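Engineer: Could you work out the structure for the sequence below:
(one chain, ligands or ions: 2)
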Amino acid sequence: MIELAPSILSADFAHLAEQVHGATEGGGTVIHVDVMDGHFVPNITIGPPVVKSLRKATKLPLDCHLMIENPDQYIPEFAASGADWISVHQEACRHLDRTLHLIRNHHALAGVVINPATPVENLSEVLEIVDYVLVMSVNPGFGAQKFIAGTMHKLRQLAQLRLQRGLHYRIEVDGGIALDTVAEAVDAGAEILVAGNGVFGQGDPKTNAQKLLKAAREAALQKV
Ligand code: DX5
Ligand code: ZN
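Structural biologist: Ligands and ions are numbered 1, 2, ... in the order given. Below you'll find the model as predicted:
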């Protein structure tokens, strides 16, 4: 099943609830929250207080994408603030297995993320303990960057591995997803589509979300 996860990174933070409601009316079913620390990525965004406020503003699951060093230190607080899904970067975790278990112990779904330069092979030992895998189709740090088509083979590889190994993780893609790229990502195997600029960049978030989902669903139908 295809789901759209609007990323609030490109939303108007002064009207966050309103923007999230618009994207939800347009068909968004997961709210993607980009957490950046200025160390793991060259940008600083938001933290647990915003998650806490969002938790009161929407019933949708909050998908917290931690682009931070030492995520173990913050996972309990994100979970307590209302994060339903928490993902960490393979590149940021020295003890990835421990970190993923920490997320699960806090009753959140556990996701692992790989940067464009990281191969799927780096995940082979943790695929059994993750609820979702997030493939970055841009280098993390900023919204509205150019989609890197060369990352799409990793979605195919993850879908194939899931089948071969009888696993159940879901496959998410993040970065540069818009009307001109969404079909390619769905065709390669993406099931959860993160979109920031494509939903909140310009125009009406509701209409943008609707159009994006329509294009994604058409691409999914072409696949079978
Ligand atoms: C990038 C973030 C993305 C970002 C995507 O570092 O992880 O979630 O918001 O934004 P767009 O859709 O604009 O590429
Ligand atoms: Zn993200």
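
Engineer: ok, A110 to D84 distance?
Structural biologist: For A110, the distance to D84 equals 11 Å [CB to CB, to the nearest Å]. Quick note: C-beta positions are derived from backbone N, CA and C, even for glycine.

Engineer: go on, K56?
Structural biologist: 14 Å.

Engineer: Which one of these two is surrounded by more residues?
Structural biologist: Between K56 and D84, counting by other CB atoms under 10 Å, D84 is the more crowded of the two (16 against 8).

Engineer: Let me see the contact set for the more buried one.
Structural biologist: D84 makes contacts with 61-63, 108-109, as judged by CB atoms under 8 Å, 6 or more residues apart in numbering.

Engineer: What sits closest to it if chain neighbours are left out?
Structural biologist: P61 (3.9 Å; CB to CB, 6 or more residues apart in numbering).

Engineer: which one of the contacts of D84 is nearest Q202?
Structural biologist: Nearest to Q202 out of the contacts of D84 is D63 (CB to CB; 23.1 Å).

Engineer: what residues are up against that closest one?
Structural biologist: D63 makes contact with 5, 30-33, 83-85, 87, 111, 194 under the criterion CB under 8 Å, 6+ apart.

Engineer: Which of the residues you listed fall within strands?
Structural biologist: Those of these mapping onto strands are 5, 31-33, 85, 87, 111, 194, per DSSP state E.

Engineer: how about the residues you listed, which pair is most distant?
Structural biologist: Using CB to CB, the ones in strands among the contacts of D63 span at most 14.3 Å, a distance reached by I31 and G111.

Engineer: quick one, which of these two is more surrounded?
Structural biologist: Comparing I31 with G111 by neighbour count (other CB under 10 Å), the higher total belongs to I31, at 27 against 24.

Engineer: which residue ranges form the strands in this structure?
Structural biologist: Using DSSP E, the strands of the chain run over residues 3-6, 31-36, 62-67, 85-89, 109-114, 132-136, 170-174, 192-195.

Engineer: The fourth one: partners in the sheet, and parallel or antiparallel?
Structural biologist: Think strand 85-89. strand 62-67 (parallel), strand 109-114 (parallel) (DSSP bridges).

Engineer: Reformat the contacts of D84 as a markdown table; add distance to M152 and pLDDT.
Structural biologist: As requested, these are exported to a markdown table (distance: CB to CB, whole Å; pLDDT from 0 to 100):
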| residue | distance to M152 | pLDDT |
| --- | --- | --- |
| P61 | 25 | 98 |
| L62 | 27 | 99 |
| D63 | 21 | 99 |
| A108 | 28 | 98 |
| L109 | 24 | 99 |
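
Engineer: most neighbours, which of these?
Structural biologist: When neighbours are counted by other CB under 10 Å, D63 leads the contacts of D84 with 28 neighbours.

Engineer: For it, name its beta-bridge partners.
Structural biologist: D63 forms beta bridges with H32, W85, as assigned by DSSP bridges.

Engineer: From N115, how far out is it?
Structural biologist: Here D63 is placed at a distance of 18 Å from N115 (CB to CB).

Engineer: what's the answer for M36, then?
Structural biologist: Distance from M36 to N115, by CB to CB: 14 Å.

Engineer: Quickly list what's touching both of the two.
Structural biologist: Listed as contacting both M36 and N115 by CB under 8 Å, 6+ apart are P140.

Engineer: neighbour-wise, which of the two wins?
Structural biologist: Between M36 and N115, counting by other CB under 10 Å, M36 is the more crowded of the two (21 against 17).
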